[in-house]
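Peer 1: Here is my input, please return the structure:
(chains A, B and C)
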Amino acid sequence: MEKTLTTLLKNHRESGGNIISLLQETQDVFGYIPKEAVEFFSDQLGLAPSRFYGVATFYSQFRLKPRGKHVVTVCCGTACHVQGSERLLNSVKLELKLNDEADMTEDGMFTLEKVNCVGACGIAPVTIIDKKVHGKAVSEKIIREIRAIKGPRDAKK
Amino acid sequence: MVSLTINNKKVSVPEDSTILEAANRNGIKVPTLCHHPQLTPFGGCRLCVVSVKGMPKPVASCTTTVSEGMEVATSTPEIENFRKLVLELILSDHPNDCMTCEATGSCALQELAYAYGVKGQEYAGERRVYAKRDGNPFIERDMEKCILCGRCVKVCDEVQGVEAIDFTYRGFRSKICPSYEDDLDCEFCGQCVSVCPTGALTGKQWARKGRYEGVREVDTTCPYCGTGCTLTAHVKGNEIVRVSSKPWSPNEGWLCVKGRFGYKFVNSPDRLTKPLIRRASGEFEETSWTAALEYTAAWFKKIREQHGADAIGGLSSARCTNEENYLFQKFIRAGVGTNNVDHCARL
Amino acid sequence: MQRNNIEIRVCMGTGGVASGGAEVLAAFRQEVAASGIAASVKEHCSTHQVGCRGLCAKDVLVDVAIDGEKVTYQFIKPDMVPRIVKEHLLENKPVDEWRVGEDYERFGRKQIKVVLADCGRIDPEEIDAYIAIGGYESSRDVLLNWYPEEVVTEIKQSGLRGRGGAGFPTGLKWELGKKAPDDIKYIICNADEGDPGAFMDRAVIEGNPHSVIEGMIIGAYAICAHHGYVYIRAEYPLAVERLKRALDQARERGFLGNRLFGSNFDFDIKVKLGAGAFVCGEETALIASIEGQRGMPRPKPPFPVNKGLWQRPTVINNVETLANIPTIIRKGCGWYTSYGTEKSRGTKVFALTGKIKNPGLIEVPMGITLREIVEEIGGGIAGGKALKAVQTGGPSGGCIPASMLDLNVDYESLAKVGSIVGSGGMIVLDEDNCMVNMAQYFVKFTQEESCGKCVPCRVGTKRLLEILERITKGQGREDDIERLETLSGGIRNMSLCGLGQTAPNPVLSTIKYFREEYEAHIRDKKCPSKTCKALLTYSIDEKLCKACGACLRACPAGAITGEKKVPHKIDQAKCIKCGSCYDVCKFKSVMRD
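Peer 2: Residues are numbered from 1 along each chain as shown, chains lettered A, B, ... in the order given. All right, here's what the predicted structure looks like:
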């Protein structure tokens, strides 16, 4: 990990970035912001770790825990809301057996996230599954997609 | 200088003053919770809002600088209603457990709630609930009582330069804590405790020792080092229950961990309160100051007669004041007659 | 059969890509290449991607232009491509049944496109495409032949106002930036389009990124700034990619960097990615974020134009504002002022969404009526329902009731009725939308996005939300409407920044125009629009139920029981009120009250 962090830091210094861009790059690599990374950067840059943590918890993009293997992102922008994104979100929760608190399934296969508008309001409601954008996303369609991801794995068992 | 009117009173204040400073300077009290005169203005609590002629909305007096001819009203029915509302909101997310709170009697929030007659019932709703208690040895951090005024964050950064804590999360979930919500691990200077306007930050060793009933304030000088910070011992009976420092002290009210939290020795049963003389048997024997000084002086004389003054050396302590150290070297040089004198800080 | 100049344009905005644009484009390329007989076609045929053209609901949209004669197809899937290639390209017989219909034409009729003029027309990833339509001529002209003061005057006279929300006159802002005495100044393009329901900035950057860059160059020259930043949402990956590519291309051509266009003026632009915080659309929070801090606003004054990024004078303009600049310079302020109203000049892009037949991005002259937008451009309400209200301005805006449809859409008129133009979100609501629920939605949004610095916003919006929640759950109290109003007044007057100050707008405007809906929730414990879950009961009418089992299969909670030929029943204790049964029942036997 230290090697990766050193590279990240080197790029960061060369590009003249800030804490936010450094954390963004860290998350790109690890999928979340490991505590070790914050401690390493803090030490190397002479910046208090509390600053990193303050920034990392402020912006909704940053995650402090690893994400599931597959990420389902339900857009909750206004256009999606009026087209029923809440109901969609609830059916995905049911399908993934997630309670109100949890955002990741127990087996670490799925993470369910909400996003405030991906700017594709013309095809609302929108759901993104592993970076693929699904427009006019009705519950049945999204659940079918999720089951398709689940499917092969369940078959192997 | 800039001239303006506050509550129809003509006042003149230096340029770049804030409205709040201008008001305070002229004896006009404006309520505030987040403002601290020694820290950069924050503008978060919104209690210090005032009405300025020509401005569509109330402005925060702590962050607005004065301008020539400005007409300020610090208290109008509208402004007071807004202040009341803000207090209602703060208290709606507060444990309101003043009965057992360490800060009762010295809590700025409590005083304002009292002054405005606010109980915090009007907008009762969800409160922040934190189960975790910070495991550090000195500072009790009850974040449920935190009103997020940010004074602790700023003092840690601007005065102490440590940045141990920061705002984290956002909105209603905002919380002030160290990185990854670890236990506080800093210098424990307690500056944050001293600026906290509520009971969110208190000294762990203060707990249930006494709040204000029967507590006297005794101004004294910190015995720990030659800096000689002025501190205020809060004494109940014959026991120090906590230590603070006043902002007009030479140390501007700031202390270090020793001065603020290292007072337990005063009432320690192990503390020597009477001089002891070690007799030939090796046993210590309690004696009076006169006897002890006479005994020591006699020995100094004896050594000087037998071996000369240079056989004696004096070592003084960094915990003494400058005056005490001066006297000590004078005593060794002029009284004893040797230049063998030094100081522990050089060791 | 001789063909000249065949141009195939496939929409590859976020909407287009989501609907399979990339596959369609690939299919065209493959199909054109594969058609052996079509060697002549291939030679003259260019297939390229274009950015968003607004009507994402009909994606994938494809233009086929033969010698300038354009046919637009809608809802194109890859398997439809061979037929288009065969019949249209080779046999010159357009596939009529796949062509866009009348509503596509109507969608465009009342629009005046300035900012969106070239979105969907040119390849956004090719600088030459922009140059070919006169791109970078305005900036070249300005840098070589104009004084900065002249630029300021021109923009001031154009009457252009900030398109990000507040509508501050752009020329005036530039004038203040120009006058701020400092060697180092910054110009920032605010592309942190946070309003959930507005996507014009994304569309502009995806469709014509160079127009924004050119606007920035002109702005930088006017205020004498040598450093620029684009602060853009990370949630817009395609826009970020296209913007970065465009910047590289502009730099290669010498349009950015040192001595632009051979003048003595140096200017370059850096990209900073937002990290997901709506409040960073606020100028001082945006600056904090570029500096790498938590995006917490600070009090104004000092304004950024005097003390902004790194304490230097900073001018912040929105994407749409900047994209207007090159055209205003090219065509002159007189041309621009011919559109719009006296105080709101020019055109404005709106994201028309919600329960509208043709949702999409539209650009209309200021002062157009809401009716023209909703009924003519948008084609009316989808599904034959009745229009209830139009929400404008997103979480900072308000709901305008259907009775005010003849309202002119401009800064002043919207403000007068308690809403705002804002960044241009325009959500159409029909009879099925509950206004209390809408207010709750927006307050929930602002509450989650509140930075937490000041009490009225941090705690106040939370309490607003709690009151709205209890109302929608049927637990509202008799005096809750008054409580909402008092609290809203406090939040509006006492909050530190614009986010908090405008957060109560959705509540106040819905109370103003739809008070009876609030009262129905509170007094009768009913949601007139049948939206609020807690106030609904689903039951099955035994007489109508055909026991088909559809609802039983659809119910995610296992609340429906029944056997073949026996009318089904809903167990109220298990019912989660998701409405799935209501949706699937073909016999209308599921009742909802």
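Peer 1: who's in contact with C:Gly20?
Peer 2: C:60, C:77-78 (Cβ atoms under 8 Å, 6 or more residues apart in numbering or on different chains). For the C-beta atoms, the positions are set from N, CA and C on the backbone; glycine is no exception.
Peer 1: Emit the PyMOL select command for whichever of those are buried.
Peer 2: Only the buried members of the contacts of C:Gly20 enter the following PyMOL selection, criterion being 16 or more other Cβ atoms under 10 Å in any protein chain shown:
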select buried, chain C and resi 60+78
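Peer 1: of all the contacts of C:Gly20, which comes closest to chain B?
Peer 2: Closest approach to chain B among the contacts of C:Gly20 (Cβ to the nearest Cβ): C:Val60, at 38.5 Å.
Peer 1: Would you confirm that the closest one contacts C:Gly16?
Peer 2: Yes: shown here, C:Val60 and C:Gly16 form a contact pair, counting by Cβ atoms under 8 Å, at 5.4 Å.
Peer 1: re the thing from before, pLDDT added to the contacts of C:Gly20, as TSV?
Peer 2: Listed next are the contacts of C:Gly20 as TSV, based on pLDDT from 0 to 100:
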residue	pLDDT
C:Val60	87
C:Lys77	91
C:Pro78	91
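Peer 1: Contacts for the lowest-mean-pLDDT helix or strand in chain A, please.
Peer 2: Lowest by mean pLDDT, DSSP states H and E among the helices and strands of chain A is helix A:139-156, with a mean of 77. Residues from elsewhere that reach helix A:139-156 (Cβ under 8 Å, 6+ apart): A:70, A:72, A:87-88, A:91-92, A:95-96, A:109-110, A:127, A:129-130, A:134, C:580.
Peer 1: Could you name every residue contacting both of C:Val60 and C:Gly16?
Peer 2: Joint contacts of C:Val60 and C:Gly16 (Cβ under 8 Å, 6+ apart) are C:Val10.
Peer 1: quick one, what contacts the residue lying closest to C:Asp182 once chain neighbours are set aside?
Peer 2: Excluding the flanking residues, the one nearest C:Asp182 by Cβ to Cβ, 6 or more residues apart in numbering or on different chains is C:Pro313, at 5.1 Å. Each residue near C:Pro313 by Cβ under 8 Å, 6+ apart is listed here: C:177, C:180, C:182, C:185-186, C:223, C:304-307.
Peer 1: Please apply the same query to C:Leu160.
Peer 2: Applying Cβ under 8 Å, 6+ apart to C:Leu160 gives the contacts C:169-171, C:321, C:324-325, C:328, C:336, C:345-346.
Peer 1: Let's see if you can find the most crowded of those.
Peer 2: Neighbour tally across the contacts of C:Leu160 (other Cβ atoms under 10 Å in any protein chain shown): the maximum, 30 neighbours, falls on C:Ile325.
Peer 1: Show me what the strand or helix carrying it is packed against.
Peer 2: If you go by DSSP states H and E, C:Ile325 is part of helix C:319-331. Judged by 3 or more Cβ pairs under 8 Å, 6 or more residues apart in numbering or on different chains; DSSP states H and E, helix C:319-331 is in contact with helix C:137-145, helix C:148-158, strand C:186-191, helix C:200-207, helix C:209-223, helix C:333-337.
Peer 1: tell me the average confidence for it?
Peer 2: Averaged across helix C:319-331, pLDDT comes to 97.
Peer 1: The chain: helices as residue ranges?
Peer 2: If you meant another chain, say so; for now it's chain A. A:2-15, A:19-30, A:35-45, A:49-58, A:78-82, A:85-96, A:139-156 (DSSP state H).
Peer 1: my bad, the chain I had in mind was chain B
Peer 2: Going by DSSP H, chain B shows helices at B:19-25, B:77-92, B:108-116, B:151-154, B:191-195, B:257-261, B:289-307, B:322-330.
Peer 1: looking at the ones you listed, which is closest to chain A?
Peer 2: Minimum separation from chain A across the helices of chain B (Cβ to the nearest Cβ) falls at helix B:151-154, 8.6 Å.
Peer 1: For the closest one, buried residues please.
Peer 2: Applying a neighbour-count criterion of 16+ other Cβ under 10 Å, one finds B:151-154 buried in helix B:151-154.
Peer 1: Mind giving me the packing neighbours of that helix?
Peer 2: Secondary-structure packing of helix B:151-154 (3+ Cβ pairs under 8 Å, 6+ apart): helix B:191-195.
Peer 1: I'd like to know which residues of the stretch 151-300 of chain C are adjacent to chain A.
Peer 2: Residues of the stretch 151-300 of chain C lying close to chain A (Cβ under 8 Å from any Cβ of the partner chain) are C:193-199, C:201-203, C:233-236, C:272-278, C:289-295.
Peer 1: what residue ranges in the stretch 301-450 of chain C score low on pLDDT?
Peer 2: Counting by pLDDT under 70, the stretch 301-450 of chain C shows no low-confidence range.
Peer 1: Would you map the helices across it?
Peer 2: Using DSSP state H, counting those that start in this stretch, the helices of the stretch 301-450 of chain C run over C:319-331, C:333-337, C:370-371, C:411-416, C:435-449.
Peer 1: would a markdown table of these with distance to B:Ser268 be doable?
Peer 2: Converted to a markdown table, the helices of the stretch 301-450 of chain C look like this (distance: least, Cβ to Cβ, whole Å):
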| stretch | distance to B:Ser268 |
| --- | --- |
| helix C:319-331 | 68 |
| helix C:333-337 | 82 |
| helix C:370-371 | 79 |
| helix C:411-416 | 70 |
| helix C:435-449 | 52 |
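Peer 1: Was I right to think B:Ile19 contacts B:Val72?
Peer 2: Yes: using Cβ under 8 Å, B:Ile19 is in contact with B:Val72, at 5.7 Å.
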